[in-house]
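A.B. asks: Starting from these lines, generate the structure:
(chains A, B and C)
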Amino acid sequence: MLIQVLISGLVIGCVYGLIALGYSLIYKASGLMSFAQGDMLTLGAFLGYMFYGQLKLPFVVSLVCVMLCMFGLGQLLERGIIRVLLKNNVLPVYIVLATIAISYIIQNAAMMIWGTQTLTFPPIFGSSLVELFGVKVQPEAIFCIIMSVICMLFLHVFMKYTRFGTAMRAAAMDPTAARACGINTSFSTGVTWGLSAGVAALGGMLLGPIYGVFTMLGAIIGRKGFSSAVIGGFGNMYGAMLGGILLGLIETGTSAYVSSAYKDMISYSILLIFLFVKPTGIFNEQAITE
Amino acid sequence: MNKMKNLMNGKMVPKLLLAVILLLVPLLFQNFNYGLLICGFIAVYVIAISGLDLVFGYCGQISMGHAAFFAIGAYGSAIMHKYLHIPALLTMIIASVAAALIGALLAYPASKLVFHFLSLATVAFGEIVYQLAAQSPGGITGNFTGFYTESINLFGFQINTNTRFYYFALVCVVIFLSAKHRLVHSREGRAFLAIRENAHAADGMGINVRKYKVMAFATSAFYTAIAGGMYVHFVKFISPETVSNKQSVMFLTMLLFGGTSSLAGPVLGAASVLLLNEGLRFAERYQMLIYGVLLLAAILLMPGGIYGVIQKGQQKLRRVK
Amino acid sequence: MKRRLLAGCMAAAMLVSLAGCSSAETGKTEGNTTGNSTEVSSETGTTEGKSDNDPGGEFVLGSPQPLTGVNAQAAQATLNGIQLAVEEVNASGGIAGRQIKLVSYDDQGSPEEAVKIANKMIEVDKVDGVIGPLLSTCQMAQGTLLNDAGIPTVAIGLSPSFMQNNWEYVVRSSLNSDYVMKILAENMTQLEIKSLAIFSGQDDSSKAASNAMKTEAEKAGIKVTTTETYVDGDTDFSGQAAKIINTNPDAVFVASYANVQPIIAKQLRQFGFEGLCFNKELFQADSLKVAGEAANNWIFAYPYISYENIEDCDIPNMKEFITKYQEKYGELPSHEGAMRGYDAVMVLWKGAENSGSADGKAILEGINKISDFEGLAGTFDYTAGDGEGIRTCNSYVISGEKYVLLDNWLKEGGYEAIKSK
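C.D. replies: Next comes the predicted model:
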């Protein structure tokens, strides 16, 4: 049972981590918070269903199409809404609330377009299960772990070692100074929102075959991703992943060994404890205190 | 001093007109319970949001988990009433005091968190309380089946119809809004504002930032819990869906819709959002979509809320004069 | 000047408030007497007064359903079923000669919305009848209001909870889950199951079903190894699945909403559970599609099943229903809510037929006289007077990704084949 719990914790943890990456990316690159990541995942899953399930494009092509679409949408949101709000110099809560409004809109618009049924996302690797340490898993789950690790590495390197990433971090830290240095801050925040939408969409594409596609797919996962990001250290890519995996393991462990009834209560309590005792997370990300 | 009085009187006139209209409402809605029901809900939410306004509008501390205090007020009052047979009004007050204490306990460690992380902490707190309501030890809250309770009995007078509740709620609104008015114009209120504007500067001026933050949070929790108590004895039924994360977002939406840091803002916000929701009913499943779009539009186009728009209009008028 | 104005306003306010109080007071007392008295005369008085106000003499039928959120799909199917039934009834002359006008609402699955909607339906739409919401919690919240207003309400929730209030005006056209659990327990005994693990959602109806199952199982001498739960909206059940399998039960009983059925099925099978699974309600057709092989050997007892094509159906009235449904909506019902909604309207109509009147009290009396009405769920019989119209149903098993009657499956040796594995 232990191996089973560990592996399934790892799988769901990686999904949380993938969402957490998006949150961390936005925070690191613009100092903002979005509550719509979970619904971006849902939308990604629906688009994936459209390209892969209905138009029957090869998986890689559909993945690229979906990620491009979502990248565009993310940029559009930033340009059409977030930037307008920032220009108006509103309180940060307005931006949070705007993202909540966006999440309502995505959930309900998806329902209008694709209906309310659970749609079948065709399997990526055929329907047979793979054995891993004596435990049967869906191949998509392993694919999910691999892809999230790749994403994490890519984003970390991108943020830390490329000129563009440095510019983005600078823009988040002090927009005025960054502009003075000749950094196109609005361009870089746009790219950030696009990227995080893309990452969430990838999550949707990976979850589709495992869970099926429906409008509330990302709602809870989105919130769990949030907790993961905090536990790991908000803004840190490795932290997001580690936080996700930790949360996944705690959740599955709790429901397997303690009580499934108090699973969520325990994971939110851990989030609270982290916030109060170590708000900088495991990776000690310095972005927090006043 | 005289100047103050004049100013007050000047402000009082439209307020009194408002009072007349408010007292007239049941007349207008004679034998029209639905209208009174909505008015009752508005009154409940006005108190809840005025509480949120204290902590968010005046003190600058965000809370995205205020539904938790609503839950403590509602469940606390209903459970005490059922199992300990304490009169409903008293249970409301006891539950709200408890909520204030819990709010203070939460705010003490949370007061060092900055905006985004405070919002996360309150989200987590809200979730924990929701889970407790949904998975209570021994099923004391009735879990997802919900919990039935009775209406308030004021010394033998049952507040069991919409009209009676409306007047009761109106009295509560007046009491709590005037208390809020006094609070924000007191020493403490000015401390709240100072913290909102610049916590470091406030600290430098000798204001005990943590103490006032905790105070604002506790008062705010008290308000929202009272609203929860009113709600449960009005609807006479509560289930965990009512105190989910959606409710917290609803509180914030109402507050921002109406406008923060004012007396009128929460009133305008609660009324407009609830009426909007009712007005959108015909749209059935499109209701939530339209609601989302309107919310977004409101955030984009009138960041000061309805009250902000009115204030701007007044300023323009004054300039013209 | 200002002070005088102020004083004037004050005086006016007080006067008006006094007048307001007194008139509201009288209005209320009147309302109270009508509300509290159960005498036939006063009730008919109000409803008849209402129908006189109706310009077209329409029969207004209200129906709040959770059209958005987790249960949106089920709610949509339900509404479609209701609409279809309404059209049929209207074509055949309406309810006691009055055409039905359907007013539907989205209650978002929230009891608060349910209360507001109930008030609106009673006072603004002046409904003559209501088809209750899918979710039992919402039915709980609005039941008293509808009952006090004397509006005949046909509930379609499955939980036993709300019918325990003994609301006079609320009847049920779906199958109480308590009865289903009895049937399932019998099936389990028949299949020689000795131990059972229970996996349940936390919503009212799942919880009620799992509690009833526990009682029934223990009565039948089946050992319950563990009871696990999940949170509404969750998509990962691996921890629970691992724990369930670790207790090594002969079978698993699952009580959940339709949207997570396939995920639970997949995860249980994936973690190596090979035994029989029992489901609280119908294993939906689209869940079956998503779950694929994992849905095999799931057993459930339910009045209806989903169909993938019309030819699969061999019950005449059901065949007629799904044919009409496909003609109208271009697809077969995606959730059995469609059948529940359809039956509910039909029960209401039958009640009015029996009494020859569209009056609330009369409809209710008419419904209580129904004894042999053939609906989609089977034969309705309300003569017991407890508001329950249907008490029994067939058991099915999913074999080869198709629904098979449990009895046939046993006869054909389906169970032997699994046991030998």
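
A.B. asks: Please count neighbours and contacts with C-alpha atoms only from this point.
C.D. replies: Fine.

A.B. asks: Around chain C, pick out the residues from the stretch 1-150 of chain A.
C.D. replies: Contact residues (C-alpha under 8 Å from any C-alpha of the partner chain) of the stretch 1-150 of chain A with chain C: A:1, A:4-5, A:8-9, A:12, A:108, A:115-121, A:129, A:135-138.

A.B. asks: and those residues, which of them are in strands?
C.D. replies: Those of the residues of the stretch 1-150 of chain A next to chain C mapping onto strands are A:Val135, A:Lys136, A:Val137, per DSSP state E.

A.B. asks: Sort out which of these are buried, if you could.
C.D. replies: By neighbour count, with 16 or more other C-alpha atoms under 10 Å in any protein chain shown, these hold A:Val135, A:Lys136, A:Val137 as buried.

A.B. asks: who does the second one bridge with?
C.D. replies: In this case it means A:Lys136. Counting by DSSP bridges, A:Lys136 is bridged to A:Glu131.

A.B. asks: State the mean pLDDT of stretch B:251-267.
C.D. replies: Across stretch B:251-267, pLDDT averages out at 89.

A.B. asks: do the same with stretch A:221-238
C.D. replies: Regarding stretch A:221-238, the rounded mean pLDDT is 86.

A.B. asks: So the helix or strand that B:Val123 is a member of, near chain A or not?
C.D. replies: Here B:Val123 sits within helix B:115-134, counting by DSSP states H and E. Yes. Using C-alpha under 8 Å from any C-alpha, helix B:115-134 comes into contact with chain A via B:His116, B:Phe117, B:Ala121, B:Ala124, B:Phe125, B:Glu127, B:Ile128, B:Gln131, B:Leu132.

A.B. asks: so which one among the residues you listed has the lowest pLDDT?
C.D. replies: Within the residues of helix B:115-134 next to chain A, lowest confidence goes to B:His116 (77).

A.B. asks: Which residue is the nearest non-sequential neighbour of it?
C.D. replies: A:Met33 (7.2 Å; C-alpha to C-alpha, 6 or more residues apart in numbering or on different chains).

A.B. asks: Could you verify that that neighbour is part of a strand?
C.D. replies: No. According to DSSP: H, G, I helix; E, B strand; the rest coil, A:Met33 belongs to no strand; its state is coil.

A.B. asks: Run through the neighbouring helices and strands of the helix or strand hosting B:Ala104.
C.D. replies: B:Ala104 is located in helix B:88-110, with elements delineated by DSSP H and E. On a contact count with 3 or more C-alpha pairs under 8 Å, 6 or more residues apart in numbering or on different chains; DSSP states H and E, helix B:88-110 meets helix A:263-277, helix B:67-84, strand B:153-154, helix B:209-235.

A.B. asks: Take the ones you listed and lay them out in CSV including mean pLDDT and distance to chain C.
C.D. replies: Putting these into CSV (pLDDT from 0 to 100; distance: least, C-alpha to the nearest C-alpha, whole Å) gives the following:
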stretch, mean pLDDT, distance to chain C
helix A:263-277, 87, 8
helix B:67-84, 95, 13
strand B:153-154, 82, 16
helix B:209-235, 94, 8
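
A.B. asks: quick one, what contacts whatever residue of the stretch 51-200 of chain A ends up closest to chain C?
C.D. replies: Closest contact between the stretch 51-200 of chain A and chain C, by C-alpha to the nearest C-alpha, is at A:Thr116 (4.3 Å). Applying C-alpha atoms under 8 Å, 6 or more residues apart in numbering or on different chains, we find A:Thr116 in contact with A:Phe214, A:Thr215, C:Ala72, C:Gln73, C:Gln76.

A.B. asks: let's see 6 Å
C.D. replies: Listed by C-alpha atoms under 6 Å, 6 or more residues apart in numbering or on different chains, the contact set of A:Thr116 reads C:Ala72, C:Gln73.

A.B. asks: Which helix or strand contains the residue positioned nearest the centre of chain B?
C.D. replies: Centroid-nearest residue in chain B, with C-alpha atoms, centre = their mean: B:Ala48, separated by 1.5 Å. In this structure, B:Ala48 sits in helix B:33-53 according to DSSP H and E.

A.B. asks: repeat for A:Ser188
C.D. replies: Here A:Ser188 is covered by helix A:185-211, with elements defined by DSSP H and E.

A.B. asks: So for that helix, what gets flagged as buried?
C.D. replies: Here helix A:185-211 shows A:185-186, A:188-211 as buried, counting by 16+ other C-alpha under 10 Å.

A.B. asks: tell me the SS of C:Val171?
C.D. replies: Secondary structure for C:Val171, judged by three-state DSSP, is strand.

A.B. asks: sorry, back to before: now render the helices and strands packed on helix B:88-110 as a markdown table, adding distance to B:Ala19 and mean neighbour count.
C.D. replies: Below are the helices and strands packed on helix B:88-110 laid out as a markdown table (distance: least, C-alpha to C-alpha, whole Å; neighbours: other C-alpha atoms under 10 Å in any protein chain shown):
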| stretch | distance to B:Ala19 | mean neighbour count |
| --- | --- | --- |
| helix A:263-277 | 44 | 20 |
| helix B:67-84 | 27 | 25 |
| strand B:153-154 | 23 | 13 |
| helix B:209-235 | 21 | 27 |
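
A.B. asks: Name the stretch from these that approaches B:His181 most closely.
C.D. replies: Ranking the helices and strands packed on helix B:88-110 by proximity to B:His181 (C-alpha to C-alpha) places helix B:209-235 first, at 13.0 Å.

A.B. asks: what angle separates that closest one from helix B:33-53?
C.D. replies: Helix B:209-235 runs at 170 degrees relative to helix B:33-53, counting by axes from the mean of the first three to the mean of the last three C-alpha atoms, to 10 degrees.

A.B. asks: Report the distance from the helix holding B:Ala104 to the chain centre.
C.D. replies: Distance, stretch centre to chain centre, for helix B:88-110: 14 Å (C-alpha atoms, centre = their mean, to the nearest Å).

A.B. asks: Give me the mean pLDDT for it.
C.D. replies: For helix B:88-110, the mean per-residue pLDDT is 94.

A.B. asks: buried residues in that helix?
C.D. replies: B:88-89, B:91-104, B:106-110.

A.B. asks: burial of B:His85, as a residue count?
C.D. replies: 11 (other C-alpha atoms under 10 Å in any protein chain shown).

A.B. asks: Equivalent analysis for B:Pro137, please.
C.D. replies: Residues near B:Pro137, counting by other C-alpha under 10 Å: 11.

A.B. asks: Spatially, and excluding backbone neighbours, which residue is closest to the residue in the stretch 151-300 of chain B that chain A sits nearest to.
C.D. replies: Residue nearest to chain A within the stretch 151-300 of chain B: B:Gly292 (4.8 Å; C-alpha to the nearest C-alpha). Spatially, and ignoring its direct neighbours in sequence, B:Gly292 is nearest to A:Ala101 (4.8 Å; C-alpha to C-alpha, 6+ apart).

A.B. asks: Return the residues of the stretch 51-200 of chain A in contact with chain B.
C.D. replies: A:Ala98, A:Ala101, A:Tyr104, A:Ile105, A:Asn108 (C-alpha under 6 Å from any C-alpha of the partner chain).

A.B. asks: can you rerun that using 10 Å?
C.D. replies: By the rule C-alpha under 10 Å from any C-alpha of the partner chain, the part of the stretch 51-200 of chain A lying against chain B is A:80-82, A:84-85, A:88-109, A:111-112.

A.B. asks: so the residue nearest to B:His116 sits right up against A:Tyr27, yeah?
C.D. replies: Yes. Counting by C-alpha atoms under 10 Å, A:Met33 touches A:Tyr27, with 6.0 Å between them.

A.B. asks: list residues touching both of the two?
C.D. replies: By the contact definition C-alpha atoms under 10 Å, 6 or more residues apart in numbering or on different chains, A:Met33 and A:Tyr27 are jointly contacted by B:His116.

A.B. asks: What number of residues are in the vicinity of the nearest residue to A:Ile106 once chain neighbours are set aside?
C.D. replies: Closest residue in space to A:Ile106, ignoring its immediate chain neighbours: A:Asp39 at 6.5 Å, by C-alpha to C-alpha, 6+ apart. With neighbours defined by other C-alpha under 10 Å, the count for A:Asp39 comes to 30.

A.B. asks: wait, what's in contact with A:Asp39?
C.D. replies: Neighbours of A:Asp39 in contact, by C-alpha under 10 Å, 6+ apart: A:45, A:100, A:102-107, A:110, A:197, A:200-201, A:204, A:215-222.
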